[in-house]
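Participant: output the structure for:
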Amino acid sequence: MCSRERLGGVTVRIGYNLFEEVRVLLTVGQPVDNAAIPALDLHIAVLRDLLATSVGPLIEIPPIPQCYRFVACLTHDMDHPSLRLHECDATLLGFLYRATVGSVVRVLRGRLSLRGLLRNWRVALKTPFVQVGLARDPWRDFVRYIKLEKGFPSTFFAIPFRNSRGQTHCGQLAPKRRACRYRLTDITEELRELMAGGCEIGLHGIDAWRDIGRGSEEMAAIRQISRTEKIGVRMHWLYFDTHSAATLEAGGADYDSTVGYNETIGYRAGTAQAYKPLETKQLLELPMQIMDTALFYPSYLNLTSKQARNCIGWLLDHAQQSGGCVTVNWHDRSIAAERQWGEFYVNLVEEMEKRGAWFASASQAVAWFRMRRSVQFESVGQGKGVAGFKITMDRKHDLPDLQLRIYDAPGSYRDIPVVEFMREHAALPT
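Facilitator: Sure, this is the predicted structure:
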C-alpha cells in the first residue's frame, strides 16, 4: 500500500482491485476455506482507516444499534414439524437409526449423556404409537422456542407445499428427500400461536430462487397464513445462484436470508451486515452465519458442544467489535429427540444477550438496516467538520436509533446519537 499527495487530493494504491473483490463477495461468495474471514468487513475497515488518515475527520453510521453492540436474529427452518407425517420414509428410518444405534455411538464418543440416550430410546419406542395418534408427537413441540428464546422475536421459515422437491441448478428434479411431508394447514394452529407470541412467519422456498411464477405462488401461500404483505425468504437446502436475489424480488420477496454455508459456519458474503445484492432494487440480503446442522452433523463440522462454543466465539467477538447482525438458524426439530440441541441453543441465546445484542426478527433486522441506508448527509453553510453538515433519514420509531461515529484519527472515534445530532442541527422537531 502506498500513497502520495496530488493537487486537490490524495492518491492511495492498495495493491488489489477492491471493487472486483467486493463484486465476487456479493455475487459468488467465499469458498468454505475462507468462511472464518469477514473479508468485506475488513475491506471496509481498510477504507475507513485510509480516509481517516488522509482526509479526516471521517463520519459514518456504524452498523450498531444505539444502546446495543450488534443485532441478533434468531431463525428456524421448518423442514420436519411433525414425525407422524413421515410414514416409513427415509426421514423416519434415519431418525430411528440415529435415536437408537446412532445414540449409542454418540455416548461412546462423549457426544451424548446417558440421560440423553435413554430419552432417545424412549422416543424411538413410542414412534409406532405416534404414527397412529396414541402418543404425543415429539417433533410438534417447536412452539416451545417462544419460551426458550425468553420472548425475543424470531422468524420461522415454512415450506408452502407438500411433497414438492423442486429443481436443481441444472433444471433437473432435486433429490426426493428434499421434498417435505407437511402442508401449511397441518400446522396452522402452531403458526398462529407463534405469531401471537411475537414471531414472524417467512417462506422456506422450493423453486422461488429460480422461477418468478413459482415464487409468487409460494409467497402467496405464506401471506395467506401470516396475513402479512411483506414476506422474507430462505431457500430450502440453501439453493441459490447469482440471479436468485433478483428473481426473488420479482416474485414479491421483501428480503432474503439464504446466503450462508450448509457445511460450516461463517461469512459466505464476507460480511455480517445486511446488504443490497447488485441486481436488486429494494430487496436486502440478511446473510446467515450459524446453523445447527453445520455445527453438529457428522458429515459437516461434527463438533462437540465445547468445540462448537469455541467455534462460535470468534463470530461473536467480531460482532461485538464491528457490529452487524449474527443470524442463527436452529431447525424446528433440533430441540427434540434425537438431536437434543436445545440446551446448547439456550446457552447461545444467553451468551448473545450477555454480549449486548439487540434481538430482532429477520424483518425487523432488515428494517433497521434499511433505516441506516436511508441516511443522507448534506453540506450546510461554511461550517467545517461536524458543524458543516446535516442529516436526513427515514426514521422508524419502533426500532433502535442509529449512532453517528466521528473518527478524528484511525481507531480513535466518538459516538453521538443521530437523533440528538439532528435535534441540535434543527433537522428534527424537539
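Participant: by contact count, what packs against the host helix or strand of Met219?
Facilitator: In this assignment (DSSP states H and E), Met219 forms part of helix 212-226. For helix 212-226, the elements it packs on are helix 188-196, strand 200-205, strand 231-235, helix 244-250, judged by 3 or more C-beta pairs under 8 Å, 6 or more residues apart in numbering; DSSP states H and E. Using the backbone N, CA and C atoms, a C-beta is placed for each residue, glycine as well.
Participant: can you add distance to Ser216 and give these back as a markdown table?
Facilitator: Shown next, in a markdown table, are the helices and strands packed on helix 212-226 (distance: least, C-beta to C-beta, whole Å):
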| stretch | distance to Ser216 |
| --- | --- |
| helix 188-196 | 21 |
| strand 200-205 | 11 |
| strand 231-235 | 10 |
| helix 244-250 | 9 |
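Participant: redo these as CSV? Include mean neighbour count.
Facilitator: Shown next, in CSV, are those (neighbours: other C-beta atoms under 10 Å):
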stretch, mean neighbour count
helix 188-196, 16
strand 200-205, 27
strand 231-235, 27
helix 244-250, 23
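Participant: sorry, back to before: got the buried residues for the helix holding Met219?
Facilitator: The neighbour-count check on helix 212-226 (16 or more other C-beta atoms under 10 Å) flags 212, 214-215, 217-219, 221-223, 225-226 as buried.
Participant: what comes up buried for stretch 158-170?
Facilitator: Buried residues in stretch 158-170, counted by 16+ other C-beta under 10 Å: 158-161, 164-167.
Participant: again, but for stretch 269-281
Facilitator: Buried, per 16+ other C-beta under 10 Å, within stretch 269-281: 269-277, 280.
Participant: now do stretch 27-43
Facilitator: Neighbour counts over stretch 27-43 (16+ other C-beta under 10 Å) mark 29-30, 35, 38-41, 43 as buried.
Participant: ok, longest strand in this structure?
Facilitator: Longest strand in the chain by number of residues, with DSSP state E as the criterion: strand 70-78.
Participant: the helix or strand in which Leu117 is found - contacts with which helices or strands?
Facilitator: Leu117 is part of helix 114-131, with elements assigned from DSSP H and E. Packing contacts for helix 114-131, counted by 3+ C-beta pairs under 8 Å, 6+ apart, involve helix 90-99, helix 101-108.
Participant: quick one: residues in contact with the longest one.
Facilitator: When you say that, I think you mean helix 90-99. Applying C-beta atoms under 8 Å, 6 or more residues apart in numbering, the contact partners of helix 90-99 are 80, 83, 86, 120-121, 123-124, 127, 176-177, 181, 337-338.
Participant: for those residues, which single residue is the most surrounded?
Facilitator: Asn120 (26 neighbours; other C-beta atoms under 10 Å).
Participant: for that residue, give its distance to Phe369.
Facilitator: In this view, Asn120 and Phe369 are 41 Å apart by C-beta to C-beta, to the nearest Å.
Participant: what does Pro153 give?
Facilitator: 16 Å.
Participant: the more surrounded of those two?
Facilitator: In this view Pro153 and Phe369 are compared by other C-beta under 10 Å, and Phe369 has more residues nearby, 23 against 19.
Participant: what's around the closest residue to Leu148 other than its chain neighbours, how many residues?
Facilitator: By the measure of C-beta to C-beta, 6 or more residues apart in numbering, the closest residue to Leu148 outside its immediate chain neighbours is Val346, 5.4 Å from it. If you count neighbours by other C-beta under 10 Å, Val346 ends up with 15.
Participant: got it, and the one 5 residues further on?
Facilitator: Residues near Glu351, counting by other C-beta under 10 Å, number 15.
Participant: got it, and the one 3 residues further on?
Facilitator: For Lys354, the number of neighbouring residues by other C-beta under 10 Å comes to 9.
Participant: for it, what are its contacts?
Facilitator: Lys354 neighbours (C-beta under 8 Å, 6+ apart): none.
Participant: that'll do, ta.
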